[in-house]
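**Student:** From the sequence below, what's the structure:
(one chain, ligands or ions: 1)
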Amino acid sequence: MTIETINLPDIGNVDEVEIIEVLVEAGDTVEAEDSLITLESDKATMEIPAPAAGTITEMLVGMGDKVSTGTPIAKYEPAAGGDAAPADEPKDESGEESKEEARATGASSSPAPAAAAATDAEADVACDLCVLGSGPGGYTAAFRAADLGKKVVLIERFPVIGGVCLNVGCIPSKALLHVSEVLNETRSMGDHGVTFAEPEIDLDKLRGFKDQTIKKLTGGLEALAKQRKVQIVRGYGRFVDPHHVAVTDEDGNETLVRFDNAIIAAGSQPVKLPFIPHDDPRVMDSTDALELEEIPGRMLVIGGGIIGLEMAQVYDALGADISIVELADTIIPGADKDLTRPLLKILKKRYQDIFLGAKVTNVEAKDDGLHVTFEGKNTPETAVYDRILVAVGRAPNGKKIDAEKAGVAVDERGFIAADERMRTNVEHIHAIGDVVGQPMLAHKAVHEGKVAAEVICGLPSAFTPMGIPSVAYTDPEVAWAGKTEEELKAEGVDYEKGAFPWAASGRSLSLGRDEGLTKALFCKETHRLLGAGIVGPNAGELVAEAMLAVEMGADMADIGLTIHPHPTLSETLGFAAEMAEGTITDLLPPKKR
Ligand SMILES: Cc1cc2nc3c(=O)[nH]c(=O)nc-3n(C[C@H](O)[C@H](O)[C@H](O)COP(=O)(O)OP(=O)(O)OC[C@H]3O[C@@H](n4cnc5c(N)ncnc54)[C@H](O)[C@@H]3O)c2cc1C
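**Tutor:** Numbers count the residues shown, from 1 in each chain. Presented below is the predicted three-dimensional model:
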């Protein structure tokens with residue numbers, strides 16, 4: 001019979017924490033992760049789990065005792081095999097099951113797999129926290145935990161940290177979109193009496209500008225990691241058991257990392273379609289498209305969502321003939337149609353075709369081009385394109401990291417469910433960012449990363465935003481924050497709308513633009529802002545005020561009475577509130593109050 005001592009694991013920067021509950025006694029059998037005692041500090045209540053299945057032979061602490069990291073709390077006899085299996089239903093401090101807290105993000109809770117037996121190999125690196133994936137979620141979590149005193153290892157398969165966002169997502173796409181906006185704007189200046197010559201485009205230089213932008217940011221991240229003593233381990237990471245990740249580098253060398261806590265921040269990758277020859281270099285995903293290999297003649301973008309439309313805008317401005325095919329009957333499904341309508345009207349004039357409610361059923365790669373077969377409204381039966389961009393969504397990387405060996409449940413699509421403290425079904429393993437679910441956005445990943453790091457460090461943090469803003473950096477931009485009108489309708493919420501057309505905005509007209517709209521959605525009873533949507537130049541910047549107003553519980557009077565500078569586009573949110581209040585003077589009020 002082997003008797004082992006259970007010592008209090010690292011509970012963060014807190015000393016002498018009081019035991020407020022003892023949940024087991026000598027003779028009890030426990031499963032791995034079953035709670036043994038409950039501690040209460042001034043910051044948080046936390047349950048201390050059993051490290052593995054076994055039988056408690058002696059409790060070494062009692063109620064009211066003060067304990068610190070390393071205090072022996074119980075003796076136990078590990079079960080035969082000693083496998084650490086994940087608890088089926090870890091409990092939070094309120095006693096509720098974490099599953100019930102799992103947020104509606106797209107991930108569905110799946111049965112917890114049995115974890116692999118603990119490896120007896122000696123670890124090369126040991127840490128308090130291991131973060132798998134260095135995207136915006138991963139590096140934020142790693143940096144925050146390091147600032148809170150943890151020894152952190154950050155694992156990344158690519159040579160450069162920063163993930164999709166910095167390397168092949170938000171940042172490079174925005175660098176190119178900036179160029180496309182300048183091109184479009186200078187072309188439109190002819191209508192205002194200023195004509196520029198057609199620009200000469202040096203693709204190598206343009207690519208260089210994009211790459212330099214990325215380099216400045218990723219270089220900065222490396223320096224920040226170094227300053228915080230976050231150890232970056234490069235290579236592909238896979239779980240070995242609930243406390244180890246094996247990282248294999250390009251040369252096949254393996255580093256075994258032992259951790260007390262882990263955060264899965266493995267992100268996502270573009271979805272591939274089975275009937276498309278993805279290995280043909282003329283078929284691109286967003287990563288390929290950002291490489292700007294050439295400007296094609298005819299280009300088909302499959303998917304009329306944000307990523308598809310942004311890349312279409314870049315290639316259109318550079319001279320490609322763009323066609324878009326989208327399964328839904330609208331572009332940017334998820335946004336309210338009154339916001340996407342002005343954009344659609346402009347794109348219809350700019351692009352060769354926009355097929356809505358239609359799909360591609362086959363693509364054949366031939367010497368003279370990519371032969372595409374369509375199905376749906378107003379589509380040709382077939383058409384030939386020089387290049388295709390497939391932008392039909394992103395799939396989470398949850399199934400590619402052997403999460404089951406750690407006992408972490410991954411659903412059939414590859415999502416890992418996490419509760420509002422970003423905990424998976426395994427108490428000491430958290431998950432954040434794209435791998436957790438929709439919306440797959442960098443700012444969601446960042447905030448989730450902070451919550452996960454703080455929870456691991458014993459802080460009472462939770463991810464409970466009133467909304468997550470979305471922005472399409474198209475021209476015009478489309479942005480929304482809080483609830484959309486469609487969501488309010490579907491939820492049966494009684495709401496009032498104030499909508500201000502930018503045709504009445506002096507600032508918008510001075511930019512030569514009149515298609516914009518700002519709408520604000522208020523609770524009919526409380527007048528609080530529930531959501532807002534904006535279409536027009538700079539909508540992405542403007543929507544931040546609406547998001548703050550939603551978070552702060554501002555009502556229509558708060559927003560309407562806030563003095564916005566004149567003449568700005570920011571005034572339009574104040575005007576939208578005044579439209580709802582009936583106090584607008586720049587237009588006729590729809591009702592008077
Ligand atoms: C073209 C494009 C434009 C976008 N524009 C925007 C935008 O404007 N605004 C916005 O908010 N979002 C945008 N996004 C989405 C945004 O990039 C993602 O939501 C965000 O990067 C997700 O962050 P993350 O930390 O979850 O994961 P990721 O950024 O995907 O990072 C995950 C990291 O984990 C690494 N990794 C995965 N598995 C392993 C493993 N087993 N071992 C080691 N390393 C591993 C990956 O290499 C990657 O570096 C865009 C995406 C694309 C593709």
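
**Student:** Count the neighbours of the residue of the stretch 351-500 of the chain at minimum distance from the ligand for me.
**Tutor:** Scanning the stretch 351-500 of the chain for the residue nearest the ligand gives Gly433, at 2.1 Å (criterion: Cβ to the nearest ligand atom). Backbone N, C-alpha and C define where each C-beta goes, glycine included. Here the count is done by other Cβ atoms under 10 Å, and Gly433 has 36 residues near it.

**Student:** does it really touch Cys165, like I thought?
**Tutor:** No. In this structure Gly433 lies outside contact range of Cys165 using Cβ atoms under 8 Å: 9.5 Å.

**Student:** Common neighbours of the two, please.
**Tutor:** Counting by Cβ atoms under 8 Å, 6 or more residues apart in numbering, the residues touching both Gly433 and Cys165 are 135-136, 445.

**Student:** ok, and the most crowded of those residues?
**Tutor:** For the shared contacts of Gly433 and Cys165, neighbours were counted by other Cβ under 10 Å; the highest total belongs to Pro136, with 30 neighbours.

**Student:** in terms of contact, does Ile324 touch Met299 like I think?
**Tutor:** No. In terms of Cβ under 8 Å, Ile324 does not count as a neighbour of Met299; the distance is 9.6 Å.

**Student:** and Ala142, what is it in contact with?
**Tutor:** Ala142 is in contact with 129, 131, 134, 152, 154, 225, 228, 230, 263, 453, counting by Cβ under 8 Å, 6+ apart.

**Student:** actually Asp34, not the one I wrote
**Tutor:** If you count contacts by Cβ under 8 Å, 6+ apart, Asp34 has them with 23-24, 49-50, 87.

**Student:** quick one: which of the shared contacts of Gly433 and Cys165 sit in strands?
**Tutor:** For these, not one is inside strands, with DSSP state E as the criterion.

**Student:** Now render those as TSV, adding pLDDT and distance to Val372.
**Tutor:** As requested, the shared contacts of Gly433 and Cys165 are arranged in TSV below (pLDDT from 0 to 100; distance: Cβ to Cβ, whole Å):
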residue	pLDDT	distance to Val372
Gly135	98	33
Pro136	98	34
Ala445	98	34
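
**Student:** same for the ligand: which of the residues you listed are within range?
**Tutor:** The subset of those within reach of the ligand, counting by Cβ under 6 Å from any ligand atom, consists of 135-136, 445.

**Student:** and the stretch 251-400 of the chain, which residues reach the ligand?
**Tutor:** By the criterion of Cβ under 6 Å from any ligand atom, the positions of the stretch 251-400 of the chain lying close to the ligand are 265-268, 286, 307, 397, 400.

**Student:** quick one: which of those residues is most hemmed in?
**Tutor:** Neighbour counts for those were taken using other Cβ under 10 Å; the highest belongs to Ala265, which has 34 neighbours.

**Student:** Just the buried positions in the longest helix seen in the chain, please.
**Tutor:** Under DSSP state H, the helix in the chain containing the largest number of residues is helix 203-227. Neighbour-count burial for helix 203-227 flags 206-207, 210, 213-214, 218, 221-222, 225 (criterion: 16 or more other Cβ atoms under 10 Å).

**Student:** does any part of that helix sit near the ligand?
**Tutor:** No. Residues of helix 203-227 contacting the ligand under Cβ under 6 Å from any ligand atom: none, with a closest distance of 10.5 Å.

**Student:** Packing partners of that helix?
**Tutor:** helix 136-147, helix 163-168, helix 170-188 (3 or more Cβ pairs under 8 Å, 6 or more residues apart in numbering; DSSP states H and E).

**Student:** and the residue lying closest to Ile306 once chain neighbours are set aside, what does it touch?
**Tutor:** Beyond its immediate neighbours in the sequence, the residue positioned closest to Ile306 (Cβ to Cβ, 6 or more residues apart in numbering) is Ala472, lying 4.4 Å away. Taking Cβ under 8 Å, 6+ apart as the criterion, Ala472 is in contact with 306, 309-310, 332, 335, 343, 478-479.

**Student:** taking the residues you listed one by one, which sit in helices?
**Tutor:** For the contacts of Ala472, membership in helices holds for 306, 309-310, 343, with DSSP H as the criterion.

**Student:** Counting neighbours, what do you get for the residue nearest to Phe575 when sequence neighbours are not counted?
**Tutor:** Leaving out its chain neighbours, the residue that sits closest to Phe575 by Cβ to Cβ, 6+ apart is Phe500, at 4.1 Å. A total of 26 residues lie near Phe500 under the criterion other Cβ under 10 Å.
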